[in-house]
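S.K.: structure of the sequence below:
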Amino acid sequence: MLEKGVAYWIGVVAADDWGNANLNDVLVVDATPISNTAGVGQPPARVEGLRGWDHPSDDGTAIDIVWNRSLAADFSHYVIWVSDYPLNDLTEIWAECSDDLSSCGLLEVDQRQIGGALQMQITVTTALYGSTVATLTSEPITPSIPLYVTITTHDILGNVHLTGMEEHMVLVSPLDNRGDISPPDRLGVPILNDRSPDDGDAMFVTFPESEASDLHEYWIYAAAGAPFDSIGNMDPAMVVKRGDQIPVLLEALSNGQPLAPSVPIWVAVVPVDSSGNYWDNNLQPEMISLIDENSRDPGLHLAEITGIRANWNPSGDHVEIRWDDSNDPQIESYMVFVSLEPFEIASEATLVGTIKDPTTMMILSDIEGESVDNAATHWLAIVGFDGEVHRLAVDSLEVRPWSEASFGSSEGGEGGAGESWYDQLMSGDMNTLIAMVSAVMILIGALLVIRPRQQAAPEPWEMGVLEVELEEQMSREAAGLSDDDFEDDLIVDDGPSFSSTQDAELEEQDDADVPDASEAVIDELLGVSSDDADIDNLDDMADDLDFDNLDDMAEGLNEADEDVDPSFLDDIL
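M.R.: Purely as a prediction, here's the structure:
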């Protein structure tokens with residue numbers, strides 16, 4: 001870095017790509033840098049996070065100081081000021097001590113930070129005592145005398161803030177901790193905030209810091225259900241060191257159980273000093289009931305995306321995804337999620353693309369940089385995005401492998417709404433239809449079984465009668481008689497017959513006196529069912545039909561046929 005007021009000689013030499021240059025004929029000029037800010041530069045930012053406490057387990061002759069490291073690019077060093085006199089303006093004392101800091105009892109730290117730590121921490125054993133700036137002298141720290149602590153940050157040019165230090169100062173009381181039995185004052189109610197969005201399993205706890213100089217740590221107690229104002233046998237749910245950043249994240253109760261949503265949880269904070277003193281009663285707890293935001297869909301106000309279709313191209317190297325325009329003015333874009341497993345929450349799948357509205361098409365060729373596998377089954381979902389949130393609950397669409405789906409997957413909507421009849425048959429969605437068709441087929445079969453049929457073959461006695469009639473016809477033909485002549489004199493009946501003319505006339509007269517029977521009566525007597533039978537009666541007959549009884553009847557008929565003695569036919573012949 002150049003120094004102001006020093007003359008510098010400057011020369012410029014041109015060189016080609018091969019490094020050839022003329023170093024002899026060079027024009028050299030001189031220049032002297034001077035300050036053009038009237039001697040005042042921009043000082044580094046003041047220190048942040050300054051805090052001080054009594055050093056634990058000592059006789060009150062030391063204090064601990066903590067502050068955040070400086071981020072100044074031209075940082076040079078820190079100067080620590082400890083005095084029993086409030087040093088709001090350091091201009092006068094700095095003018096006297098800037099050349100020899102140690103003679104004034106000031107501590108210089110030329111290291112910006114220790115390792116990668118955000119904060120610097122140091123223990124101080126000396127301080128400036130006096131009633132005025134002119135009478136301040138460096139002495140060992142005296143117990144029980146409050147001390148004012150401030151820190152200045154200096155850059156390499158010596159720029160520093162020396163005024164307005166009252167806003168960047170802390171008060172520390174060194175205490176003799178030997179035999180200390182006085183606990184720090186109780187704290188007020190903490191401030192509890194639900195961590196959002198989450199599963200309702202954590203909260204942020206903010207509380208006022210204790211003003212006790214010998215503060216060592218904070219104990220946080222948490223219990224579900226009823227409120228409490230004393231510790232009893234409870235263990236701390238969390239221990240916070242005095243230098244830790246606030247707020248802190250609490251994820252468990254004092255009994256070790258994790259936090260749960262929709263349950264009242266009471267929290268209290270207890271300060272503990274370096275001697276282990278603390279108050280265990282008259283605490284001031286605060287209550288909160290956590291919310292499971294992940295189970296509440298933040299995108300319920302957005303319309304669902306319908307008409308999702310996904311088809312493999314003929315070569316099977318990408319999937320063409322299409323969907324219907326939502327016509328929802330809140331939707332700014334569409335988010336496409338894909339997974340190798342069925343999913344109901346969008347966060348369980350991989351986001352493969354965000355398509356601006358009104359485009360309703362996407363070509364899926366890779367997932368997270370890897371080509372899409374056409375031999376695997378994929379699951380797809382599309383949700384609307386309003387610029388802040390999107391729907392979480394989805395109904396994923398199955399995209400079958402290219403080799404099994406004839407270049408595509410189910411179409412016509414999400415879920416099973418677009419499945420083909422074959423897909424529905426294989427998945428069991430057509431069981432109801434199959435059951436109905438089967439019932440109809442069974443009913444038709446039952447009707448065919450119980451429908452009366454004509455005898456396929458005559459009974460044995462009928463065969464005997466036919467044989468006799470055939471022999472008589474052959475005898476008449478041999479005698480030269482016709483069938484008409486024979487029928488005039490002979491009447492055949494099931495019982496004994498008479499061929500006299502008188503009996504024939506009497507029979508004709510009797511038949512004339514008998515009224516004609518209706519066809520319904522004849523059918524009923526003969527056991528012939530009407531062709532116009534009511535189909536409802538047939539249904540009832542089919543329902544009442546007992547196939548076991550039919551089998552028994554068939555066996556009985558066979559046994560009856562075996563018991564018939566055909567010898568009576570010989571007598572008739």
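S.K.: any idea how far the residue lying farthest from the centre of the chain is from residue 71?
M.R.: Within the chain, the residue lying farthest from the chain centre (C-alpha atoms, centre = their mean) is residue 479, at 107.5 Å. Noted for residue 479: a distance of 146 Å to residue 71, by C-beta to C-beta, to the nearest Å. C-beta coordinates here come from the backbone N, C-alpha and C atoms, glycine included.
S.K.: also residue 89?
M.R.: For residue 89 relative to residue 71 (C-beta to C-beta), the value is 25 Å.
S.K.: likewise residue 337?
M.R.: Per C-beta to C-beta, residue 337 is found 41 Å from residue 71.
S.K.: give me the more crowded residue out of the two.
M.R.: The neighbour count for residue 337 versus residue 71, taken as other C-beta atoms under 10 Å, is higher for residue 337 (22 against 12).
S.K.: the more buried one bridge partners, please.
M.R.: Per DSSP bridges, the residues bridged to residue 337 are residue 351, residue 381.
S.K.: assign a three-state SS to residue 271, would you?
M.R.: With DSSP: H, G, I helix; E, B strand; the rest coil as the basis, residue 271 sits in strand.
S.K.: measure the most centrally placed residue in the chain to residue 87 for me?
M.R.: Taking C-alpha atoms, centre = their mean, the centroid of the chain lies closest to residue 345, which sits 3.8 Å from it. Residue 345 sits 60 Å away from residue 87, going by C-beta to C-beta.
S.K.: so how far does stretch 342-353 reach from one end to the other?
M.R.: End-to-end distance of stretch 342-353: 18 Å, with C-alpha to C-alpha, to the nearest Å as the criterion.
S.K.: contacts for it?
M.R.: Here stretch 342-353 makes contact (C-beta atoms under 8 Å, 6 or more residues apart in numbering) with 335-339, 362, 364, 367-368, 379, 381, 383, 390-396, 398.
S.K.: which among those residues count as buried?
M.R.: 335-339, 362, 364, 367, 379, 381, 383, 390-392, 394, 396, 398 (16 or more other C-beta atoms under 10 Å).
S.K.: isn't residue 324 right up against residue 361?
M.R.: No: using C-beta atoms under 8 Å as the test, residue 324 is too far from residue 361 to be in contact (11.1 Å).
S.K.: walk me through the domains of this protein.
M.R.: Split into domains by automatic domain parsing, the chain comes to 191-295, 309-426, 460-563.
S.K.: any idea how far the longest one is from the middle of the chain?
M.R.: When distances are taken as C-alpha atoms, centre = their mean, to the nearest Å, domain 309-426 is centred 17 Å away from the chain's centroid.
S.K.: what's around residue 59, how many residues?
M.R.: Residues near residue 59, counting by other C-beta under 10 Å: 12.
S.K.: contacting residues around it?
M.R.: For residue 59, the contacting residues are 143, 176, 177, 178, by C-beta under 8 Å, 6+ apart.
S.K.: nearest residue to residue 55 other than its sequence neighbours?
M.R.: Of all residues not flanking residue 55 in the chain, residue 62 sits nearest, at 3.8 Å (C-beta to C-beta, 6 or more residues apart in numbering).
S.K.: again, but for residue 234
M.R.: Nearest to residue 234 is residue 254, by C-beta to C-beta, 6+ apart, at 4.6 Å.
S.K.: surely the one you found forms part of a strand?
M.R.: No: Residue 254: not assigned to a strand; according to three-state DSSP it is coil.
S.K.: kindly provide the distance from it to residue 291.
M.R.: Distance from residue 254 to residue 291, by C-beta to C-beta: 22 Å.
S.K.: do residue 242 as well
M.R.: Using C-beta to C-beta, residue 242 is found at 32 Å from residue 291.
S.K.: who has more neighbours, these two?
M.R.: Of the pair residue 242 and residue 291, residue 242 is the one with more neighbours under other C-beta under 10 Å, namely 21 against 17.
S.K.: what segments of the stretch 251-400 of the chain are strands?
M.R.: Assignment of strands within the stretch 251-400 of the chain using DSSP state E, counting those that start in this stretch yields the ranges 264-273, 286-289, 309-312, 319-322, 333-339, 350-356, 361-364, 366-367, 370-371, 378-385, 397-399.
S.K.: turn the ones you listed into TSV, including distance to residue 230.
M.R.: Output for those, formatted as TSV (distance: least, C-beta to C-beta, whole Å):
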stretch	distance to residue 230
strand 264-273	9
strand 286-289	16
strand 309-312	63
strand 319-322	62
strand 333-339	51
strand 350-356	51
strand 361-364	62
strand 366-367	57
strand 370-371	60
strand 378-385	50
strand 397-399	58
